[in-house]
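A.B. asks: heads up, no residue letters with this:
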């Protein structure tokens, strides 16, 4: 008999809790109608605690809907979106559509708001280069993705915005989330020209496009496929790791992707940059030379290899690379400047010998003549560099060389130009 009383008491308790859930939900609805949003939220928190207590989800869908509406009323769109998303996921999981239609409309309105705010902030950030603007753009792009998970391009935009904001860890996390969805960015678009007004018509499928062409409504159908974004994502992630000085992770990431795309030029250059950051100039040079094979008319690649070659003590080899860079791009001032630098790199050995032979006048004079020959040889390269891109640094080098070669008129002329630059 005692056991039956206990069961009856438990049943009464469950009934009381269920009644309390309903009561709190009703109170929340009344508060929403009177626009007392904070009061509605508090009532709903009480309802949620009771729902958790019973483990029953009879009112869970309505709880999500009302919480979303309450936060929407407060202008807290992010939180509102989170609750609407939970509602849609819950009803999908439970095969219920009781509130899906209403929530979907509210989500659609939120998506439009977040999308507009994201694009506005992103465009502002492009102008201001302000990290805060990029971060706000990222937040709004991400909210669109959370509300419409099928639109993974918004997650891509959020990650890129965080990268531009220099929030490298945040960018990496978002890109990893994107890759975990299986996102590639490959997209096929279908368009044709309207026969009515000549405008461009877009279609969801080739079948729909072909049907309009057959009916005579459209003409000139086009199918285009956007390439995969995966390698670009990997490169940006690697650059984020480089910015964080986490070179090992950058290298692992980029090498893995290069196994899939061994001839991808951009991936190759990114890996080269990682090796350079690690101080492995030998591997940097090797990869730059491979890049030259893929793009033999890229003057920057020859210049980069020239810099590393010069750093390794091979001035003659470096000069050849700098000359090739200047041949491809005749206005490459830095290439001409480095030709001069490479020529003068031999001066130190000559000066060291001169210092050892201060008492041996014949040998000293011979070495000095050799030094002057270096100046004469380097002079045209520095003059060309200055003519293309005048700057005080190269001007000072020319001033010194003109003095050594006793070209005093030229020295006076370059001094006047340097003084003018410094005044400006």
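C.D. replies: Cool, the structure landed. Because the structure is predicted, anything quoted here is derived from the model rather than measured.
A.B. asks: surely residue 228 is within a strand?
C.D. replies: No: assessed by DSSP: H, G, I helix; E, B strand; the rest coil, residue 228 does not belong to a strand; its assignment is coil.
A.B. asks: and it, how far from residue 387?
C.D. replies: 45 Å (C-beta to C-beta, to the nearest Å). (Each C-beta comes from the backbone N, C-alpha and C, glycine too.)
A.B. asks: give me the more crowded residue out of these two.
C.D. replies: residue 228 (14 against 11; other C-beta atoms under 10 Å).
A.B. asks: surely that one touches residue 183?
C.D. replies: No: using C-beta atoms under 8 Å, residue 228 is not in contact with residue 183, being 9.5 Å away.
A.B. asks: so what's residue 152 up against?
C.D. replies: Neighbouring residues of residue 152 by C-beta atoms under 8 Å, 6 or more residues apart in numbering: 145, 178, 181, 183.
A.B. asks: now the closest residue to the last one other than its chain neighbours: how far from residue 233?
C.D. replies: Residue nearest to residue 183 in three dimensions, not counting chain neighbours: residue 152, with 4.6 Å by C-beta to C-beta, 6 or more residues apart in numbering. When distances are taken as C-beta to C-beta, residue 152 and residue 233 turn out to be 11 Å apart.
A.B. asks: now do residue 39
C.D. replies: From residue 39 to residue 233 the distance is 46 Å (C-beta to C-beta).
A.B. asks: in terms of neighbours, single out the busier of the two.
C.D. replies: Shown here are residue 39 and residue 233; by other C-beta under 10 Å, residue 233 has more neighbours (22 against 16).
A.B. asks: give me the distance between the more buried one and residue 156.
C.D. replies: On the measure of C-beta to C-beta, residue 233 and residue 156 end up 7 Å apart.
A.B. asks: same check on residue 384?
C.D. replies: 45 Å.
A.B. asks: just residue 365 next, same as before
C.D. replies: Following C-beta to C-beta, the distance that separates residue 365 from residue 156 is 69 Å.
A.B. asks: who has more neighbours, those two?
C.D. replies: The neighbour count for residue 365 versus residue 156, taken as other C-beta under 10 Å, is higher for residue 156 (21 against 12).
A.B. asks: A helix includes that one, no?
C.D. replies: Yes: counting by three-state DSSP, residue 156 is part of a helix.
A.B. asks: how about the contacts made by the nearest residue to residue 328 once chain neighbours are set aside?
C.D. replies: Using C-beta to C-beta, 6+ apart and skipping residues adjacent in sequence, the residue nearest residue 328 is residue 299, 4.1 Å away. Residue 299 makes contacts with 324-326, 328-329, 332, 335, as judged by C-beta under 8 Å, 6+ apart.
A.B. asks: what segments of the stretch 151-300 of the chain are strands?
C.D. replies: Using DSSP state E, counting those that start in this stretch, the strands of the stretch 151-300 of the chain run over 187-194, 200-203, 218-226.
A.B. asks: I'd like these laid out as TSV, including mean pLDDT, mean neighbour count and distance to residue 391.
C.D. replies: Listed next are these as TSV, based on pLDDT from 0 to 100; neighbours: other C-beta atoms under 10 Å; distance: least, C-beta to C-beta, whole Å:
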stretch	mean pLDDT	mean neighbour count	distance to residue 391
strand 187-194	88	15	46
strand 200-203	89	15	48
strand 218-226	88	13	42
